[in-house]
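In: just coords:
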């Protein structure tokens, strides 16, 4: 059974809407396997006067028949089960049924009905305006096809636009909560697992019973009968057309082509021909565009790069997709040997940087740096090369430079000296007056570096991840 972790804010949002004196309309959306249904089920556990309906990819008419049956069971009316009625009449029967507490109605995978009948959002708009809005009920529409949920419920052109009281875009569970799934493991042991599962509860559940990451990969990913073996196809095939083009684009980014020019060059196409694909992947939270933190106008910067935001997709397109021919022939050991050789350097080390940046945000919120930054990110450029973490407090002129090393051995004084060599250039770029340093390494630091840090107040050594 999947543990229910890190959804307190979302539950609070649902409870707040339920407690309102009037009807409330909430939209819950997010990628597959992120825990939307689990969240709603947990919420409904304490509210018995509720109806949960899971829509399917069948016709709208078939969904209506199934919905009728659900409502008929809820109100105890067998006549409704076989009556020739439409959506508004079924909702009216639900609303009219007396209950002791506020009624809740949930339509999960709502987008399937709208896909079957594009007019269905308009039907729901009329139902809300004429039946539900003034009946003290709570309506929750939930869906996992992000592009369709946005177009059918959230975007300006949707008939339902402006009617929701709240929306929940359910995201992946952050690393700070990850250890709750793996009792007994230290944070530095968790990073390789997180580098594959990310914060997706379903993936975490599949990996949490393993001590060795490579055994977990072999059983959960490289095994052709595992759901994760084909997972990217299922994630994308209902969100996009031309899935082959999107796969080629994601693979290019996963293999290190991050600039628009290098992506297009690797694919042998013009830059203008892939910008729309990148926009779609960005809207789906699969890809993000990143610029150096020092850029004054990020949207117009020519230094932008594209990176994958999903750990599992990044891993799969690096280590599974390019070697599917071998896996299909049963040469799992060969592919696993490649993963063992390159996994840490080509994948885990980059995820570790993301984990460290998130930790820096937590440290800043606690006041560990003595100031509250207004920007946290990365830097790359001619002036100072690459810097894994840059923390900027532009109001007071404070700056922290950070380096992340996912290493099997403690890091020494040279890492600090390398950062110090970039101090002057970064102070100039950020107009900073003071500089601090944050060094991250899961295996700790040499005595020499620890002695140096103990003598100074501007050096933070973090080995808890």
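Out: Everything's here; your move. Here the structure is a predicted model, which means the values were calculated and not measured.

In: can you map out the strands along the stretch 1-150 of the chain?
Out: Remark: strands assigned in the stretch 1-150 of the chain by DSSP state E, counting those that start in this stretch are 24-29, 50-54, 103-108, 137-143.

In: winner for burial among the ones you listed?
Out: Comparing these by mean neighbour count (mean count of other Cβ atoms under 10 Å), strand 137-143 ranks first with a mean of 25. Heads up, the C-betas are built off the backbone N, CA and C, glycines and all.

In: Based on its surroundings, how many neighbours for residue 329?
Out: Using other Cβ atoms under 10 Å, residue 329 has 9 neighbouring residues.

In: Make a markdown table from the strands of the stretch 1-150 of the chain and add mean pLDDT and distance to residue 78 to it.
Out: Formatted as a markdown table, those follow (pLDDT from 0 to 100; distance: least, Cβ to Cβ, whole Å):
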| stretch | mean pLDDT | distance to residue 78 |
| --- | --- | --- |
| strand 24-29 | 96 | 30 |
| strand 50-54 | 98 | 17 |
| strand 103-108 | 98 | 20 |
| strand 137-143 | 97 | 23 |
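
In: what's in contact with stretch 362-376?
Out: With Cβ atoms under 8 Å, 6 or more residues apart in numbering as the test, stretch 362-376 has contacts from 176, 293, 357, 360-361, 389-396, 398, 400, 436, 438, 460.

In: Now, those residues that are in strands?
Out: Using DSSP state E, the members of the contacts of stretch 362-376 that fall within strands are 389-393, 398, 400, 436, 438, 460.

In: which non-adjacent residue is nearest residue 310?
Out: In space, and not counting its chain neighbours, residue 310 is closest to residue 286: 5.7 Å by Cβ to Cβ, 6 or more residues apart in numbering.

In: Please enumerate the helices of the stretch 351-465 of the chain.
Out: 413-420, 423-430, 447-455 (DSSP state H, counting those that start in this stretch).

In: relative orientation of the longest one and helix 413-420 in degrees?
Out: Counting by axes from the mean of the first three to the mean of the last three Cα atoms, to 10 degrees, helix 447-455 lies at 50 degrees to helix 413-420.

In: So for helix 447-455, mean pLDDT?
Out: On average, the pLDDT along helix 447-455 is 97.

In: For whichever strand or helix holds residue 205, which outside residues touch it?
Out: Per DSSP states H and E: residue 205 is located in helix 201-207. By Cβ under 8 Å, 6+ apart, the residues outside helix 201-207 that reach it are 2-3, 5, 33-35, 38, 173, 178, 181, 193, 196-197, 216, 220, 228, 312.

In: What residues of it count as buried?
Out: Buried residues in helix 201-207, defined by neighbour count with 16 or more other Cβ atoms under 10 Å: 201-204, 206-207.

In: Could you point out the helix or strand that follows it?
Out: helix 213-217.

In: which strands and helices sit next to whatever helix or strand comes next after that following helix?
Out: Going down the chain from helix 213-217, the next helix or strand is helix 231-237, by DSSP H and E. Packing partners of helix 231-237 (3 or more Cβ pairs under 8 Å, 6 or more residues apart in numbering; DSSP states H and E): helix 243-254, helix 311-319.

In: Let me have the ones you listed in CSV, extended by mean neighbour count, mean pLDDT and distance to residue 374.
Out: Below are the helices and strands packed on helix 231-237 laid out as CSV (neighbours: other Cβ atoms under 10 Å; pLDDT from 0 to 100; distance: least, Cβ to Cβ, whole Å):
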stretch, mean neighbour count, mean pLDDT, distance to residue 374
helix 243-254, 19, 96, 29
helix 311-319, 23, 98, 27
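
In: I'd like the ones you listed written out as TSV, with distance to residue 168 added.
Out: Shown next, in TSV, are the helices and strands packed on helix 231-237 (distance: least, Cβ to Cβ, whole Å):
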stretch	distance to residue 168
helix 243-254	26
helix 311-319	22
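
In: thought residue 149 was touching residue 155?
Out: No. Applying Cβ atoms under 8 Å, one finds residue 149 not in contact with residue 155, separated by 9.7 Å.

In: ok, and the closest non-adjacent residue to residue 314?
Out: Residue 314 sits nearest to residue 308 (Cβ to Cβ, 6+ apart), 4.3 Å away.

In: Next, the one you found: phi, psi?
Out: Main-chain torsions, residue 308, degrees, to the nearest 10: phi -80, psi 140.

In: Identify the residues contacting it.
Out: Shown in contact with residue 308 (Cβ under 8 Å, 6+ apart): 250, 253-254, 286-287, 314, 317.

In: neighbours around residue 352, how many?
Out: 26.

In: Sorry, slip of the keys, the one I care about is residue 457.
Out: Neighbour count for residue 457, taken as other Cβ under 10 Å: 9.

In: Give me the residues contacting the helix or strand containing residue 276.
Out: Under the criterion of DSSP H and E, residue 276 resides in helix 275-283. Applying Cβ under 8 Å, 6+ apart, the contact partners of helix 275-283 are 146-147, 150, 240, 245-246, 249-250, 260, 287-289, 306.

In: And that helix, what's buried?
Out: For helix 275-283, burial by neighbour count (16+ other Cβ under 10 Å) applies to 277-278, 280-281.

In: I'd like those laid out as a markdown table, including distance to residue 65.
Out: As requested, the buried residues of helix 275-283 are exported to a markdown table (distance: Cβ to Cβ, whole Å):
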| residue | distance to residue 65 |
| --- | --- |
| 277 | 38 |
| 278 | 41 |
| 280 | 34 |
| 281 | 37 |
